[in-house]
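>>> Next one to model:
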Amino acid sequence: MSNQTAPECLLPPAEYQLYLFPAVYIFALVIGLPGNLAAIYVFTFRVKPRTAFSIYISSLALADVAILCTLPFRIHYHLNSNNWVFGDMACQITGILYYANIYTSICFMTCICLDRYMATVHPHAYLKLRGPRYALLTSSVLWALAGIAVAVFILMGPLKTKGDDSGGHSCFENFAAHEWSSRLFPYSLLIIFCSLLPSATILVCYSLAARRISRIHTKMGRRALRVIYVTIAITLICFLPNHAVYLLHLLRRMKVIQSCPLANAIYNARRVTMALVILNTCLDPLLYYVTTSHCTWKPLKRSCFGVRRRRVIYTITV
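Next up, the predicted model:
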């Protein structure tokens, strides 16, 4: 959740965000939406048999699609000079869904990481957990928690924002000080916990798995390493910078950080990392592809581009 710094610090103009966010969001829609929709189709309807891994992939793709569906509203908002015209309820719903699904995505990436870690480092224990039952239960719990958080936030009413000198209507940014001292502070602590912990889990577990897999000089071992490298890259590029800057952002809002030059740097870094976190919706389809490189996507690609059509059953061996 983005907003300006405390009144003591006068921030420089940030007109670049009016161009940065629409460019990133349009790119995410063009690249990420087809890729994630294809992943939902393949892993939900074509992959046989269903496994814990395929369920987590489907859930991750669904969370990405939910984020992408809110972007047309955000694109209009920024192109309209950060002036929201769709009403308070639409602002509240799209804003909450946008942020809730970002953190739902990192949770499902963590589930995928733990699934791959167990399959690699503890294969005997994994044989008892690889069925879809536990994955369905875990996914249901995560979706239920996200739904409860969204419902509670909506029922608490719209967040108040500061007045805008330009006469525009802010949406999910520029919050009033009392919102930070009441509602946003506990939610921010929860967000930090639900973001830094999963990111650390991914980096630690996949580093241990990579060390184990690097000793396996087989084609499957090389494929597994590609999955690990892609996941770590997504975490380091898209998620970890956003989480770290959000922590600094919270400290600034709580006036723990009062230096104006540092506040300006956090303000600009917040916008850049918010753009980076959306790029995970474009990189996740790459994860799906390298993850399932042992099953063929070529017939699906031919079907999508009209080159050649035929019925295919996809299988996953994990």
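>>> Next, the contact list for residue 142, please.
59, 104, 107-108, 111 (Cβ atoms under 8 Å, 6 or more residues apart in numbering). C-beta here means a position set from N, CA and C on the backbone, and glycine is covered the same way.
>>> now it, what's its secondary structure?
helix (DSSP: H, G, I helix; E, B strand; the rest coil).
>>> Quick check: the gap between it and residue 196.
As defined by Cβ to Cβ, to the nearest Å, residue 142 lies at a distance of 17 Å from residue 196.
>>> again, but for residue 286
Using Cβ to Cβ, residue 286 is found at 24 Å from residue 196.
>>> How about residue 106: what's its closest non-neighbour residue?
Distances taken as Cβ to Cβ, 6 or more residues apart in numbering place residue 198 nearest to residue 106, at 4.9 Å, with adjacent residues excluded.
>>> which phi and psi does that neighbour have?
Backbone torsions for residue 198, taken as degrees, to the nearest 10, come to phi -60, psi -40.
>>> thinking again about what came up before, among the contacts of residue 142, which ones are in helices?
59, 104, 107-108, 111 (DSSP state H).
>>> Quick check: what element follows whichever strand or helix holds residue 21 along the chain?
Residue 21 belongs to helix 17-41 when assigned by DSSP states H and E. Following helix 17-41 in sequence order, the next helix or strand is strand 47-48 (DSSP H and E).
>>> quick revisit: just give the number of residues close to the residue nearest to residue 106.
23 (other Cβ atoms under 10 Å).
>>> oh, and call the first residue 41 from now on, that's how I've got it
Sure, I'll start numbering at 41, so the last one becomes residue 238.
>>> in the stretch 141-290 of the chain, which spans are strands?
Per DSSP state E, counting those that start in this stretch, the stretch 141-290 of the chain carries no strands over any range.
>>> Of the contacts of residue 182, which pair is most distant in space?
By the measure Cβ to Cβ, 144 and 151 form the most distant pair in the contacts of residue 182, at 10.6 Å.
>>> Give me the more crowded residue out of these two.
The neighbour comparison of residue 144 against residue 151 (other Cβ under 10 Å) goes to residue 144, with 26 against 23.
>>> what sits against the more buried one?
Contacts of residue 144 by Cβ under 8 Å, 6+ apart are 103, 106, 182-183, 186.
>>> Of the residues you listed, just the buried ones, PyMOL syntax please.
In PyMOL, a selection of the buried entries from those looks like this (16 or more other Cβ atoms under 10 Å):
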select buried, resi 103+106+182+183+186
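>>> Identify the residues contacting the residue positioned nearest the centre of the chain.
Centroid check for the chain by Cα atoms, centre = their mean gives residue 142 as the closest residue, at 3.4 Å. Going by Cβ under 8 Å, 6+ apart, residue 142 touches 107, 317.
>>> Could you do residue 326 as well?
residue 270.
>>> now do residue 309
Counted by Cβ under 8 Å, 6+ apart, residue 309 has contacts 281, 285, 288.
>>> would JSON lines of these with pLDDT and distance to residue 308 be doable?
Shown next, in JSON lines, are the contacts of residue 309 (pLDDT from 0 to 100; distance: Cβ to Cβ, whole Å):
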{"residue": "281", "pLDDT": "90", "distance to residue 308": "13"}
{"residue": "285", "pLDDT": "90", "distance to residue 308": "10"}
{"residue": "288", "pLDDT": "89", "distance to residue 308": "12"}
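>>> out of these, which are inside helices?
Counted as lying in helices by DSSP H, out of the contacts of residue 309, are 281, 285, 288.
>>> Next one: the second one from residue 302, what distance?
From residue 285 over to residue 302 the distance is 12 Å, taken as Cβ to Cβ.
>>> which of those two has more neighbours?
residue 285 (22 against 15).
>>> Test my guess that that one contacts residue 310.
Yes - assessed by Cβ atoms under 8 Å, residue 285 is found in contact with residue 310 at 5.5 Å.
>>> Go ahead and confirm the residue nearest to residue 146 touches residue 151.
No - using Cβ under 8 Å, residue 238 makes no contact with residue 151, being 9.1 Å away.
>>> returning to that earlier point: looking at the ones in helices among the contacts of residue 309, which one is closest to residue 228?
residue 288 (11.7 Å).
>>> What count of nearby residues applies to the closest one?
Applying other Cβ under 10 Å, I find that residue 288 has 17 neighbouring residues.
>>> circling back to that earlier point, export the ones in helices among the contacts of residue 182 as JSON lines, with columns for distance to residue 130 and pLDDT.
What follows is those, written out as JSON lines (distance: Cβ to Cβ, whole Å; pLDDT from 0 to 100):
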{"residue": "99", "distance to residue 130": "26", "pLDDT": "93"}
{"residue": "144", "distance to residue 130": "21", "pLDDT": "90"}
{"residue": "147", "distance to residue 130": "26", "pLDDT": "89"}
{"residue": "148", "distance to residue 130": "26", "pLDDT": "91"}
{"residue": "151", "distance to residue 130": "31", "pLDDT": "88"}
